[in-house]
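*Asks:* Fold the following and give me the result.
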Amino acid sequence: MTNLTKVWKNENLSAGEKILQTFTNLSMTLPMLINGYSKVTSGIKDFVSGIQMQILATEADTKAIYEKAFAQTYSTTGNYAEAVSAGKAALA
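*Replies:* Predicted coordinates:
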């Protein structure tokens, strides 16, 4: 793209030559810019999706840890069913 500035500042080129070189430069540059933009956009979407998956996994792990903690707390008194229902009620 910096070539375009040089082309348009070049006094030795005619207006037609400047326009031709501009179109030639843009015809090679724009597809690369569009492709790069789509890859960046896709990468951002993949990154956000990965973060969402990690959050869901962390939430599931946290829930399992709490359920286990409730079960262990109440299993010492011999009331496992009460522990599970208490844990689910606390997490709901």
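*Asks:* Tell me how many other residues crowd Gln21.
*Replies:* 17 (other Cβ atoms under 10 Å). No exception for glycine: its C-beta is placed from N, CA and C like everyone else's.
*Asks:* measure it to Asn3 for me?
*Replies:* In this view, Gln21 and Asn3 are 8 Å apart by Cβ to Cβ, to the nearest Å.
*Asks:* Likewise for Gly50?
*Replies:* Applying Cβ to Cβ to Gly50 and Asn3 gives a distance of 39 Å.
*Asks:* and if you look at Ile51?
*Replies:* Taking Cβ to Cβ, one finds Ile51 at 40 Å from Asn3.
*Asks:* same thing with Asp61?
*Replies:* Asp61 is 54 Å from Asn3, by Cβ to Cβ.
*Asks:* and Ala60, how many neighbours does it have?
*Replies:* Ala60, neighbours per other Cβ under 10 Å, totals 10.
*Asks:* For it, give me the pLDDT.
*Replies:* The model reports Ala60 with a pLDDT of 84.
*Asks:* likewise the one 10 residues further on?
*Replies:* Taken from the predicted model, the pLDDT recorded for Phe70 is 75.
*Asks:* Kindly report the same for Gly87.
*Replies:* So, for Gly87, pLDDT stands at 63.
*Asks:* what's the answer for Lys18, then?
*Replies:* 89.
*Asks:* tell me what the host helix or strand of it is packed against?
*Replies:* Using DSSP states H and E, Lys18 falls within helix 15-75. Secondary-structure packing of helix 15-75 (3 or more Cβ pairs under 8 Å, 6 or more residues apart in numbering; DSSP states H and E): helix 2-9, helix 80-91.
*Asks:* mean pLDDT for those helices: which is lowest?
*Replies:* helix 80-91 (a mean of 62).
*Asks:* Not including adjacent chain positions, what is the nearest residue to Leu13?
*Replies:* Nearest non-adjacent residue to Leu13, counting by Cβ to Cβ, 6 or more residues apart in numbering: Val7, 6.7 Å away.
*Asks:* How many residues are close by Asn25?
*Replies:* The number of residues near Asn25, taken as other Cβ under 10 Å, comes to 15.
*Asks:* next one: phi and psi at the residue in the chain sticking out farthest from the centre?
*Replies:* Within the chain, Asn12 marks the point farthest from the mean C-alpha position, 48.4 Å out by Cα atoms, centre = their mean. Taking degrees, to the nearest 10, you get phi -80, psi -10 for the backbone angles of Asn12.
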